[in-house]
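Enquirer: just a sequence and a predicted model for now, questions to come.
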Amino acid sequence: MASSTRSRRSQVTNYWPGFVDALSSLLLVIIFLLSLFMLSQFFLGQEISGKDTAMSRLNAQIAELTELLQLEKVNSSDLESTIATLSATLTSATTERDQMAAQLAGLGAGGDGKDATIAQLESDLTAQQDLSREAAAQVALLNQQLAALRTQLAALEQALQASEATDTENRTQIADLGRRLNLALAQRVQDLSRYRSDFFGKLRQVLEGRADVRVVGDRFVFQSEVLFDAGEAAISPEGQTELAKLGAAIKELQTQIPADVNWVLRIDGHTDKRPINTPEFPSNWELSAARAISVAKYLITQGVPANRLVPAGFGEFSPIDPGDSDEAYRRNRRIEFKLTE
């Protein structure tokens, strides 16, 4: 019987070299693609950031030019109103001057007795002429100012049009950059999905016929019975053998991952929903957390850096099988490993 047990363990062990090779190959491919993706995202982000800054500056200039244009239009309206008022005053003064000239001509024909009245009228006429000349000078000055304002308005409108054209061009460039970034992201996701699919296909071939280690999504799932006895958090001798292989694979992977990639190995402990209440483990939370910590400590003894390990206990609250059968309980008692950042 001891001989058959050793034979069965030898057969189980033969699956791991293929498992480790497939995992290492996938991780290398994923790390390479992620590095390319991060570089492309960084440069595209820098270019988009520069375009956003330039567009913000142009928008501020457009707003300033628009405000100046409105102020100039208001000033122009005020000057036109003043010119109209002065023109009306000039017309009125001209009319009064003509009336006084007529009165003066009539008085001159009336005799010498009206010399005083004529002198007064001549004085009034002179004053009106002075007023007319002053109003005409003001009108001429206002016309010059109005012409200058119109020139400034034309220049402001040209500057505003040029800014709007530049803004439109920048928006087009930013939209093109966004489209290119989306295409790059989509391509990277497609590449990662394809390589991950190939990797999991190889794993299924390597692990075919084994029920104690499974691939679930992006995680590797070890049944608790592989590593622990029932209700215990101490790793069994068989479990230590399996974890030693995993530790060796992680150390080999660590030498291949660039130093700037902040990766960690998550170790998630799970139990079934049957309650436990012992002095050592008052609940399934303590049991699942203790098992995850035991695995992390053992991997540390195998040379895996402690800062790369994140143990966590989930108790019975994250089941993968909601059933109440013994098989469902067995599936929910598990240790999950996931490489992540």
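Expert: Great, that's in hand. Numbers count the residues shown, from 1 in each chain.

Enquirer: from here on, contacts and neighbour counts on C-alpha atoms
Expert: Will do.

Enquirer: give me the three-state assignment for the closest residue to residue 287 other than its chain neighbours.
Expert: Leaving out its chain neighbours, the residue that sits closest to residue 287 by C-alpha to C-alpha, 6 or more residues apart in numbering is residue 281, at 5.6 Å. Following DSSP: H, G, I helix; E, B strand; the rest coil, residue 281 is assigned to coil.

Enquirer: what is the neighbour count of residue 281?
Expert: 17 (other C-alpha atoms under 10 Å).

Enquirer: likewise residue 250?
Expert: 22.

Enquirer: quick one, what contacts it?
Expert: residue 304 (C-alpha atoms under 8 Å, 6 or more residues apart in numbering).

Enquirer: centre of the chain to the strand or helix carrying it, how far?
Expert: Counting by DSSP states H and E, the element that carries residue 250 is helix 237-256. Put simply, helix 237-256 sits 38 Å off its chain's centre (C-alpha atoms, centre = their mean, to the nearest Å).

Enquirer: checking my notes, residue 222 in a strand, right?
Expert: Yes - according to three-state DSSP, residue 222 belongs to a strand.

Enquirer: surely it touches residue 332?
Expert: No - with contact defined as C-alpha atoms under 8 Å, residue 222 and residue 332 do not form a contacting pair (10.3 Å).

Enquirer: hang on, the earlier thing: after the helix holding residue 250, next one along is what?
Expert: Next helix or strand after helix 237-256 toward the C-terminus (DSSP H and E): strand 264-270.

Enquirer: how is this protein partitioned into domains?
Expert: According to automatic domain parsing, the chain comprises the domains 46-190, 211-340.

Enquirer: in this protein, which segments are predicted with low confidence?
Expert: For the chain, the stretches flagged by pLDDT under 70 are 1-15, 103-115, 117-118, 184-213, 218.

Enquirer: quick test: name the residue nearest the centre of it.
Expert: Taking C-alpha atoms, centre = their mean, the centroid of the chain lies closest to residue 45, which sits 9.3 Å from it.

Enquirer: between residue 222 and residue 332, which one's more packed in?
Expert: Set residue 222 next to residue 332 and count neighbours by other C-alpha under 10 Å: residue 332 wins out with 25 against 22.

Enquirer: residue boundaries of the helices in the stretch 101-250 of the chain?
Expert: Secondary structure of the stretch 101-250 of the chain (DSSP state H, counting those that start in this stretch): helices located at 115-206, 224-227, 237-256.

Enquirer: what's the most buried one of those helices?
Expert: Among these, helix 224-227 has the highest mean neighbour count (mean count of other C-alpha atoms under 10 Å), at a mean of 22.

Enquirer: distance from the chain centre to it, please.
Expert: 43 Å.

Enquirer: kindly report the same for stretch 28-44.
Expert: With C-alpha atoms, centre = their mean, you get 18 Å for stretch 28-44.

Enquirer: for the remainder of this discussion, apply numbering that starts at 435.
Expert: In the new count, where the first residue is 435, that last one comes out as stretch 462-478.

Enquirer: with just CA atoms, put it into CSV.
Expert: The C-alpha coordinates for stretch 462-478 follow below in CSV (Å, rounded to 0.1, in the frame of the first residue of the first chain):
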residue,chain,number,x,y,z
LEU,A,462,6.8,36.6,-19.8
VAL,A,463,4.4,37.4,-22.7
ILE,A,464,2.0,39.3,-20.5
ILE,A,465,4.8,41.4,-18.9
PHE,A,466,6.3,42.2,-22.3
LEU,A,467,2.9,43.3,-23.6
LEU,A,468,2.1,45.3,-20.5
SER,A,469,5.4,47.1,-20.8
LEU,A,470,4.7,48.0,-24.4
PHE,A,471,1.2,49.1,-23.4
MET,A,472,2.4,51.3,-20.5
LEU,A,473,5.0,53.0,-22.8
SER,A,474,2.5,53.7,-25.5
GLN,A,475,0.0,55.0,-23.0
PHE,A,476,2.6,57.2,-21.4
PHE,A,477,3.7,58.9,-24.6
LEU,A,478,0.2,59.2,-25.9
